[in-house]
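**Student:** Below are the sequence and a predicted model; questions follow.
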Amino acid sequence: MPNEELLRLVDSIHRDKGISKELLFEAIEQALVSASRRRFEASGDITVRINRESGEIEAYEDGRRISPDAFGRIPAQTAKQIIIQKIREAERDVIYSDYEAKIDTLVNGTVHRFEKGAIVVNLGRTEARIPRKEQVFSEQYRVGDRIRAYVVRVQKKGQKVEIELSRTHPNLVRELFALEVPEISDRIVEIKGLAREPGYRTKIAVYSNDPKVDPVGACVGVRGTRIRSITEELNGEKVEIVRWSDSPDIFIKNALSPAEITAVELDRESLRARVIVPEDQLSLAIGKKGQNVRLTAKLTHWNIDIMTEEQARKRREEDRAEVYRIPMLPAGAAEKLLLSGLTSLRAIAAKGAQNLAALYGFGEELAKEIVEYAARRDAEIEAQRAAAAAQEAAASPMAEGATGATAEGDAAAGSTAGGGTAGAVPPGGTGPERGMPEGGR
């Protein structure tokens with residue numbers, strides 16, 4: 001190969017593939033070393049050097065000069081194969097490096113084909129896949145359609161780089177807001193939490209570090225232009241912007257909007273919130289199939305019970321009556337617990353035996369018995385209430401769209417015409433949605 005042609009080849013591959021010239025020269029030198037060994041059956045130390053400026057090739061065996069012209073056709077073919085292999089490896093490494101840096105960001109591409117349920121996306125220099133589990137059920141694409149997705153994973157597999165994208169990841173919405181709302185990218189407005197059910201609804205909590213900037217207004221945009229762009233990108237998925245507050249009761253009220261809330265009663269020991277609403281606001285607070293309360297639980301990281309004012313009054317009476325029924329309580333102890341704010345079995349169980357013993361003068365053994373009884377009895381009552389709610393929901397004309405299923409690790413909603421409950425992801429956990437940031441952080 002003439003020297004000028006070698007230099008042109010290296011320069012062309014460097015520009016087309018983005019592979020450094022030094023890597024290419026080293027690959028060619030290694031290939032020529034292999035070719036030299038085959039051609040001359042050399043047993044000594046073979047070295048090949050290519051002048052980076054002139055392209056001149058020099059080969060040596062134990063310091064003795066070998067003429068590159070004597071390599072012949074077969075070693076040249078070997079050198080060509082090794083060069084191609086090295087170029088592919090270098091190209092793979094460049095693509096891997098580029099897209100590894102793009103993990104947790106958005107990329108744009110076009111739908112190239114469909115393969116075993118996955119969408120194969122052409123990103124220009126390479127392809128990526130959106131597995132079925134990362135696709136939104138309501139979205140339909142055709143070959144050639146533009147698509148924007150969130151980079152979940154990048155890994156090397158043989159000579160290829162596998163890139164996995166997602167349309168369901170909650171951080172897809174986070175990144176869209178960062179693109180559309182300059183105040184977020186400038187860190188004036190901060191996203192404090194996000195809960196999403198892909199294809200249906202998303203709640204996003206925002207906060208402004210500048211008192212002069214309204215975080216909700218900044219995200220909505222003038223005449224709704226910003227939020228409209230995001231909704232269109234999500235193919236009509238409903239996005240609700242919630243004003244974040246460090247006060248849990250206010251945050252829960254904001255998150256349950258547009259329902260009107262009468263009061264929020266917090267049990268900080270068990271991270272449970274009892275939300276009281278007027279009768280005509282109950283179905284709105286629960287949402288279709290329990291969606292509103294379920295997303296609120298995910299967003300706020302509180303277990304939420306929604307009930308009417310009458311139901312709340314009855315529940316308080318039931319809880320207080322259960323405290324009086326604790327069989328091992330000494331005389332007058334129930335009143336002492338109620339007056340100090342431990343108005344339910346759950347609150348007593350959450351307090352713990354050690355705290356009960358220290359604060360209320362119970363012996364350690366007695367405190368342990370009280371806590372164990374409270375926890376056991378509370379679980380029995382909850383199971384009874386859940387069974388009754390399910391039975392009532394099944395018999396109610398509102399059954400469809402009023403009951404949510406419970407799933408391990410997920411926020412569950414079990415609601416009926418008479419009330420709704422949602423279990424929140426514990427603080428510090430990520431919940432069922434991978435990488436979901438902790439609310440209120």
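**Tutor:** The structure has been received and is ready for your questions. All values reported here derive from a predicted model rather than from experimental measurement.

**Student:** Quickly list what the residue of the chain most remote from its centre is bridged to.
**Tutor:** In the chain, counting by C-alpha atoms, centre = their mean, R64 sits farthest out from the average C-alpha position, at 61.7 Å. Beta-bridge pairing for R64 (DSSP bridges): E61.

**Student:** Equivalent analysis for K157, please.
**Tutor:** Taking DSSP bridges as the rule, K157 bridges to K160.

**Student:** Can you report how many residues lie near P170?
**Tutor:** For P170, the neighbour count with other C-beta atoms under 10 Å is 25. Bear in mind the C-beta positions are built from the backbone N, C-alpha and C, glycine included.

**Student:** how about it, phi and psi?
**Tutor:** phi -60, psi -30 (degrees, to the nearest 10).

**Student:** quick one: it and A195 touch, right?
**Tutor:** Yes - using C-beta atoms under 8 Å, P170 makes contact with A195 at a distance of 7.2 Å.

**Student:** do you know how far A383 is from V293?
**Tutor:** 20 Å (C-beta to C-beta, to the nearest Å).

**Student:** more neighbours, the two?
**Tutor:** Per other C-beta under 10 Å, whichever of A383 and V293 has more neighbours is V293, with 27 against 10.

**Student:** What is the helix or strand encompassing that one packed up against?
**Tutor:** Under the criterion of DSSP states H and E, V293 resides in helix 291-300. If you count contacts as 3 or more C-beta pairs under 8 Å, 6 or more residues apart in numbering; DSSP states H and E, helix 291-300 packs onto strand 189-197, strand 201-208, helix 248-255, helix 282-286, strand 303-308, strand 419-422.

**Student:** The longest helix anywhere in the chain - what's its average pLDDT?
**Tutor:** Criterion DSSP state H: the longest helix present in the chain is helix 364-395. The predicted model assigns helix 364-395 a mean pLDDT of 87.

**Student:** what's the closest non-adjacent residue to V121?
**Tutor:** G109 (4.0 Å; C-beta to C-beta, 6 or more residues apart in numbering).

**Student:** what's the spacing between the one you found and D98?
**Tutor:** G109 is 14 Å from D98, by C-beta to C-beta.

**Student:** ok, back up a step: could you dump the helices and strands packed on helix 291-300 to TSV with mean neighbour count and mean pLDDT?
**Tutor:** Shown next, in TSV, are these (neighbours: other C-beta atoms under 10 Å; pLDDT from 0 to 100):
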stretch	mean neighbour count	mean pLDDT
strand 189-197	23	96
strand 201-208	22	96
helix 248-255	21	95
helix 282-286	22	92
strand 303-308	23	92
strand 419-422	27	60
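
**Student:** possible to save these as CSV with distance to L271?
**Tutor:** Listed next are the helices and strands packed on helix 291-300 as CSV, based on distance: least, C-beta to C-beta, whole Å:
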stretch, distance to L271
strand 189-197, 15
strand 201-208, 17
helix 248-255, 9
helix 282-286, 19
strand 303-308, 6
strand 419-422, 12
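
**Student:** right, and these - which one's nearest V181?
**Tutor:** strand 189-197 (6.5 Å; C-beta to C-beta).

**Student:** Report the beta-bridge partners for the closest residue to D214 other than its chain neighbours.
**Tutor:** Leaving out its chain neighbours, the residue that sits closest to D214 by C-beta to C-beta, 6+ apart is S208, at 6.7 Å. Applying DSSP bridges to S208 gives these bridge partners: V189.

**Student:** Assess the claim that S208 and P215 are in contact.
**Tutor:** Yes - counting by C-beta under 8 Å, S208 touches P215, with 4.1 Å between them.

**Student:** what residues do these two have in common as contacts?
**Tutor:** E183, V189, E190 (C-beta atoms under 8 Å, 6 or more residues apart in numbering).

**Student:** For the residue nearest to D214, which residues are in contact?
**Tutor:** E183, I188, V189, E190, D214, P215, A218.

**Student:** now swap in A205 and tell me
**Tutor:** Counted by C-beta under 8 Å, 6+ apart, A205 has contacts 191-194, 242-244, 251, 254-255, 299, 439-440.

**Student:** what's the closest of the residues you listed to E22?
**Tutor:** Nearest member of the contacts of A205 to E22, counting by C-beta to C-beta, is I191, at 42.6 Å.

**Student:** I'd say the closest one and F177 touch.
**Tutor:** Yes - here I191 reaches F177: they are 6.5 Å apart, a contact under C-beta under 8 Å.

**Student:** ok, F177 to S185 distance?
**Tutor:** F177 is 9 Å from S185, by C-beta to C-beta.

**Student:** now A321
**Tutor:** According to C-beta to C-beta, A321 stands 55 Å off from S185.

**Student:** follow-up on the earlier one: how far away from the center of its chain is the longest helix of the chain?
**Tutor:** 33 Å (C-alpha atoms, centre = their mean, to the nearest Å).

**Student:** what helix or strand is the residue nearest to V121 on?
**Tutor:** Secondary structure assignment for G109, by DSSP H and E: strand 106-115.

**Student:** For that strand, buried residues please.
**Tutor:** By neighbour count on 16 or more other C-beta atoms under 10 Å, the buried set for strand 106-115 is L106, V107, G109, V111, H112.

**Student:** Next up, the contacts around the third one.
**Tutor:** Which is G109. V121, N122, L123, G124, A128, R146, I147, R148, A149.

**Student:** Make sure the last one is actually in contact with L165.
**Tutor:** Yes - between A149 and L165 there is a contact at 3.7 Å, judged by C-beta under 8 Å.

**Student:** Look at the closest residue to I163 other than its chain neighbours and report its pLDDT.
**Tutor:** Nearest residue to I163 in three dimensions, chain neighbours excluded: A128, at 3.7 Å (C-beta to C-beta, 6+ apart). pLDDT recorded at A128 is 96.

**Student:** So what's the residue count around A128?
**Tutor:** When neighbours are counted by other C-beta under 10 Å, A128 comes out with 25.

**Student:** That one - that's part of a helix, no?
**Tutor:** No - going by DSSP: H, G, I helix; E, B strand; the rest coil, the assignment for A128 is strand, not a helix.

**Student:** Let me know whether it touches R167 as I believe.
**Tutor:** No - the criterion here is C-beta under 8 Å, and A128 misses it with R167 at 11.9 Å.

**Student:** Can you work out which residues contact both of these two?
**Tutor:** Common neighbours of A128 and R167 (criterion: C-beta under 8 Å, 6+ apart): A149.

**Student:** which stretches of this protein have low pLDDT?
**Tutor:** 1-3, 35-36, 38-44, 68-80, 82-83, 393, 395-441 (pLDDT under 70).

**Student:** That'll do, ta.
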